[in-house]
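**Q** Sharing a sequence plus its predicted fold:
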Amino acid sequence: MVSFDQDFDTEEFLNFAIGAFSLVLLALSLSAYRRTHLNRMLLVSAAFGLFAVEVVVTQLDFFVFPLSENAEGAITALLDFVILLLFFFAVVRGDRGKISEQ
């Protein structure tokens, strides 16, 4: 017999892991920006930060207050769009910063 509670725990664990990993990537990309001063790294950092925010928004109904499915869907879709735009601009943007030698 399959327990639905076990699936729920797995989903919660994976969401926590995704949020933690996005925060690690945020820290790494900010560290890379400090070393290189490439503006595109700020865009990548913002995208990873928004990804962490998206995970928090999807978990709000479990910890703080419930959101309607429509509101949660609209917020996550908007965040997904902005994240994709940030990654797109980070890829197509020229290197306008200077790489500092240290």
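**A** Perfect, I can see it now. Numbering: from 1, shown residues only.
**Q** where in the chain is pLDDT low?
**A** 1-8, 61-67, 94-102 (pLDDT under 70).
**Q** So for it, the centremost residue is which one?
**A** In the chain, the residue lying closest to the centroid (Cα atoms, centre = their mean) is F51, at 1.5 Å.
**Q** Just give the closest residue to that one, not the sequence neighbours.
**A** Leaving aside its sequence neighbours, F51 sits nearest to S22 (Cβ to Cβ, 6 or more residues apart in numbering; 4.4 Å). Every C-beta, even on glycine, is put in place using the N, C-alpha and C of the backbone.
**Q** Please apply the same query to V91.
**A** That would be R40: by Cβ to Cβ, 6+ apart, it lies 7.9 Å from V91.
**Q** Look at the one you found and say how many residues are nearby.
**A** Neighbour count for R40, taken as other Cβ atoms under 10 Å: 22.
**Q** on that earlier part again, hang on, isn't the residue nearest to the centre of the chain packed against V24?
**A** No: counting by Cβ atoms under 8 Å, F51 sits too far from V24 to count as a contact (11.4 Å).
**Q** Which of the helices or strands spans the residue nearest to the centre of the chain?
**A** helix 39-63 (DSSP states H and E).
**Q** Off-centre distance for that helix?
**A** Distance, stretch centre to chain centre, for helix 39-63: 3 Å (Cα atoms, centre = their mean, to the nearest Å).
**Q** Just the buried positions in that helix, please.
**A** Across helix 39-63, burial judged by 16 or more other Cβ atoms under 10 Å covers 40-55, 58.
**Q** Remind me what the longest helix along the chain packs against, helices and strands.
**A** Longest helix of the chain, by residue count under DSSP state H: helix 4-36. The contact analysis (3 or more Cβ pairs under 8 Å, 6 or more residues apart in numbering; DSSP states H and E) places helix 4-36 against helix 39-63.
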